[in-house]
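Pasting the sequence and the predicted coordinates here, then a few questions.
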Amino acid sequence: MLKKFAYGLPILLIAGCADTSDRYRDTQQLELPPELPIEHTHSQTAIAENDLKPKTSALSGLLSFEDHETKPKLALKTRPDRAWEIVSTALKLSGLEVLDKNRELNRFQVKYDADNTEGEEGNVLDLFLNNDYEDSEYVITLKEEILGTMVNAELSKADEFAEDGSARLIRLLHKIIDEKIINRDTSRPAEE
């Protein structure tokens, strides 16, 4: 008897669950939402792809630059550790040779030719005609101030015969930080 009960109970449970009511299958009796007429009283202009993108970057308030003829001022309105990463990335993107980094002193030592203001190679004539500056070593320092982290550059070894191109180096860093880090074009694929 126990054997029949052990086999019969699961069969009865399965048979009892198999029966479903027709009320769940018939959707004809459900109420439909009302159909509203669509009225276009104003013609809409087509939206260009660039209209949906913000005109300025969310990071645009991060950079402050005052261009004075002899000593431009570049300030990054952020924490010193984040400013260090931004300047480090800008140096990589510019292709400048970084000779030394010291995170504790917040300074970089780079090799820079101030005749090359764009960070690009010039043509052969520019090498001979436009050679006002020598390839020199510069020290880039980050100093925390009230306005943020100031980025300064100066010649590594003060030489009375060498021309100081530190103002051009600051302008180059500003250009790279502004164009390639803060306001970079995200629609183009990343450069490698």
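Yes, it's here. Keep in mind that this is a model prediction, so the values were computed, not measured.

rounded to a whole number, what's the mean pLDDT of stretch 3-23?
Averaged over stretch 3-23, pLDDT sits at 72.

all helices of this protein, in order?
Residue ranges of the helices in the chain, as given by DSSP state H, are 2-18, 80-94, 124-129, 166-176.

Could you identify which of these is most buried?
helix 166-176 (a mean of 21; mean count of other C-beta atoms under 10 Å). Backbone N, C-alpha and C define where each C-beta goes, glycine included.

what number of residues lie near the residue nearest to Met150 when sequence neighbours are not counted?
Excluding the flanking residues, the one nearest Met150 by C-beta to C-beta, 6 or more residues apart in numbering is Lys143, at 4.8 Å. Residues near Lys143, counting by other C-beta atoms under 10 Å, number 14.

Check Lys143 and give its pLDDT.
As predicted, Lys143 sits at a pLDDT of 93.

tell me the contacts of it?
Residues near Lys143 by C-beta atoms under 8 Å, 6 or more residues apart in numbering: Asn106, Thr149, Met150, Asn152.

Please convert the helices of the chain to JSON lines, extending it with distance to Val139.
Listed next are these as JSON lines, based on distance: least, C-beta to C-beta, whole Å:
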{"stretch": "helix 2-18", "distance to Val139": "81"}
{"stretch": "helix 80-94", "distance to Val139": "12"}
{"stretch": "helix 124-129", "distance to Val139": "26"}
{"stretch": "helix 166-176", "distance to Val139": "9"}
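
Glu69: which of the ones you listed is closest?
Closest approach to Glu69 among those is made by helix 166-176 (7.5 Å; C-beta to C-beta).

quick one: low-confidence parts of this structure?
Scanning the chain for pLDDT under 70 picks out 16-26, 40-60, 116-133, 158-162, 185-192.
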